[in-house]
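Engineer: fold the following, please.
(4 chains)
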2 protein chains.
Amino acid sequence: MAKRSGVLEFAVLGLLHESPMHGYELRKRLNVLLGSLRVFSYGTLYPCLKDLVARGLLVEDHTADGHGHHGAKAAPALGGNAAAARRSKIVYRLTPEGEEHFGQLLSDAGPSAWEDENFGVHFAFFGRTDAAIRLRILEGRRSRLEERLDLFRQSVTRTKERLDRYTLEAQRHGLESVEREVRWLNELIETEHDQRQVGPPAT
Amino acid sequence: MAKRSGVLEFAVLGLLHESPMHGYELRKRLNVLLGSLRVFSYGTLYPCLKDLVARGLLVEDHTADGHGHHGAKAAPALGGNAAAARRSKIVYRLTPEGEEHFGQLLSDAGPSAWEDENFGVHFAFFGRTDAAIRLRILEGRRSRLEERLDLFRQSVTRTKERLDRYTLEAQRHGLESVEREVRWLNELIETEHDQRQVGPPAT
DNA sequence: GTTAGCATGTAAGGAGTTACATGATTTT
DNA sequence: AAAATCATGTAACTCCTTACATGCTAAC
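Structural biologist: Here you go, the predicted model:
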């Protein structure tokens, strides 16, 4: 019914774009993809999937699979092809509209793409993102962090004295974390520029 | 009516424990204290204050101040004593019950104190926290992060190949961020131990 | 005298969690 | 056959945001 989280929706579409899956597995891949930044529970995921189906971006495959008893051991171990292993319940798959929508999300280089909540997902799908978009997002993210550094340093010089050891320590650590992420972004941006000169401009 | 966020409530009580304040200023100090980790809006803060009043942990001072027209310029600049400057509207102050409750929150060294959401606030008030509690929280936080490192490294070795450049890069950066926080905690813990030997055991 | 910032709030709703409820399949 | 884990879902609730509404005071 309601509009679901951009982050979760984006991530779900992206993972299903790689290969169809059912909800339980999707959740695990989701939590690996977003690397402990966010952990979604089933209570969030399943309603989201239903919503995406209702909006025509996904379809459910209730893979009848034949029957169900005993057989079909089919390589359940960790290394195997996850999509093919033990097709038991409801497998979700992108519709053409879903692919189209995912493509639009990928090409969004607006400010929301470099906010804290969204940057991680966008970055996770950079492998399928246009080079120009990648660059804009990385640069947008960097300016965002630099703004934050400015605010930070202002408030430090304003309130320098009369802060206890721990507050100072927290501020210092926070500041260094942001500076570190800026350096990381600088490296990534440089690499993007290098590749632009080496690699072909299209496809 | 409803039970409000532990984080916000804790932070509000802690700031008001330093000095009484009205909501508008409280919000600014809050966002400095929590250093861009979280930004609370008025829509969150004011209902929270009302709730704390209803529960008897705060009282409102509607400082009548005399009347209100023209006079009373009273050092509004940044450097001045904030509590005394331009007493205009509703100033909140801890009750004895509020102080008691804040004290209990300070002495909580359970697992929730070192979760991502809460660790920041607890740390921010370490200056008023018992040394033994500080140590337990820092060590708890460290084990929490080390657990996360283990999971992380497992999933890396499991899925090493068939990940694109960007996913790998994100994992690497995430891993290093956590490792860096662990080193930071190690330093803090060492400092705590040193001080324990130097400083007096009580008060 | 009007813009900018201080100050306090409310209503509606978005985003996600926890706890619960259920059943199928695999492993021991 | 019991225990673990896979798999799907719902209901109630928490926490917080956005957008709105209001009025006062300071600065230009």
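
Engineer: where in chain A is pLDDT low?
Structural biologist: Counting by pLDDT under 70, the low-confidence segments of chain A come to A:1-4, A:63-88, A:158-162, A:198-203.

Engineer: that one: strands as residue ranges?
Structural biologist: Assigned by DSSP state E, chain A shows strands spanning A:21-22, A:58-61, A:91-94.

Engineer: measure the most centrally placed residue in chain A to DNA strand D for me?
Structural biologist: Residue closest to the mean C-alpha point of chain A, counted by CA atoms, centre = their mean, is A:V121 at 1.9 Å. A:V121 is 18 Å from DNA strand D, where distance means CB to the nearest atom of the strand, to the nearest Å. To be clear about C-beta, it is placed using only N, CA and C from the backbone, and glycine gets the same treatment.

Engineer: now A:G110
Structural biologist: As judged by CB to the nearest atom of the strand, A:G110 and DNA strand D stand 15 Å apart.

Engineer: just the endpoints, please. Distance across stretch A:126-136?
Structural biologist: Counting by CA to CA, to the nearest Å, you get 12 Å between the two ends of stretch A:126-136.

Engineer: does it come close to chain B?
Structural biologist: Yes: legend: contact between stretch A:126-136 and chain B by CB under 8 Å from any CB of the partner chain is shown at A:126-127.

Engineer: quick check: A:L8 touching A:C48?
Structural biologist: Yes: assessed by CB atoms under 8 Å, A:L8 is found in contact with A:C48 at 5.5 Å.

Engineer: so which bits of chain A are right by chain B?
Structural biologist: Residues of chain A found near chain B (CB under 8 Å from any CB) are A:32-33, A:35-37, A:78, A:120, A:123-127, A:148, A:151-152, A:155, A:158-159, A:164-167, A:169-171, A:173-174, A:177, A:180-181, A:184, A:188.

Engineer: what's the ChimeraX line that selects buried ones from these?
Structural biologist: ChimeraX command restricting the residues of chain A next to chain B to the buried ones, with burial defined by 16 or more other CB atoms under 10 Å in any protein chain shown:
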select /A:32,33,35,37,120,123,124,125,126,148,152,155,166,167,169,170,171,173,174,177,181,184,188
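
Engineer: just the ones of the residues of chain A next to chain B in helices?
Structural biologist: Counting by DSSP state H, these place A:32-33, A:120, A:123-124, A:148, A:151-152, A:155, A:158, A:165-167, A:169-171, A:173-174, A:177, A:180-181, A:184, A:188 in helices.

Engineer: can you give me the domain assignment for chain A?
Structural biologist: Following automatic domain parsing, chain A resolves into domains at A:6-106, A:131-198.

Engineer: who in chain A is up against DNA strand D?
Structural biologist: Contacts of chain A with DNA strand D, taken as CB under 7 Å from any atom of the strand, map to A:22-25, A:42-43, A:46-47, A:49-50, A:86, A:88-90.

Engineer: let's have the residues you listed in TSV, adding distance to A:S112 and neighbour count.
Structural biologist: Formatted as TSV, these follow (distance: CB to CB, whole Å; neighbours: other CB atoms under 10 Å in any protein chain shown):
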residue	distance to A:S112	neighbour count
A:H22	30	20
A:G23	26	19
A:Y24	30	13
A:E25	28	15
A:Y42	26	10
A:G43	25	8
A:Y46	25	15
A:P47	22	13
A:L49	23	22
A:K50	25	15
A:R86	38	15
A:S88	37	12
A:K89	34	13
A:I90	31	16
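
Engineer: isn't A:V178 up against A:L151?
Structural biologist: No: using CB under 8 Å, A:V178 is not in contact with A:L151; the gap is 10.4 Å.

Engineer: contacting residues around A:G120?
Structural biologist: A:G120 makes contact with A:7, A:34-35, A:37-38, B:170, according to CB atoms under 8 Å, 6 or more residues apart in numbering or on different chains.

Engineer: same thing but at 7 Å, please
Structural biologist: For A:G120, the contact set (CB atoms under 7 Å, 6 or more residues apart in numbering or on different chains) comprises A:34, A:37.

Engineer: ok, it to B:F123 distance?
Structural biologist: Noted for A:G120: a distance of 24 Å to B:F123, by CB to CB, to the nearest Å.

Engineer: neighbours of A:L106, just the number please.
Structural biologist: Other residues lying near A:L106 total 21 when counted by other CB atoms under 10 Å in any protein chain shown.

Engineer: now swap in A:Q154 and tell me
Structural biologist: Applying other CB under 10 Å, I find that A:Q154 has 10 neighbouring residues.

Engineer: quick check: the gap between the residue nearest to the centre of chain A and DNA strand C.
Structural biologist: Separation of A:V121 from DNA strand C (CB to the nearest atom of the strand) stands at 10 Å.
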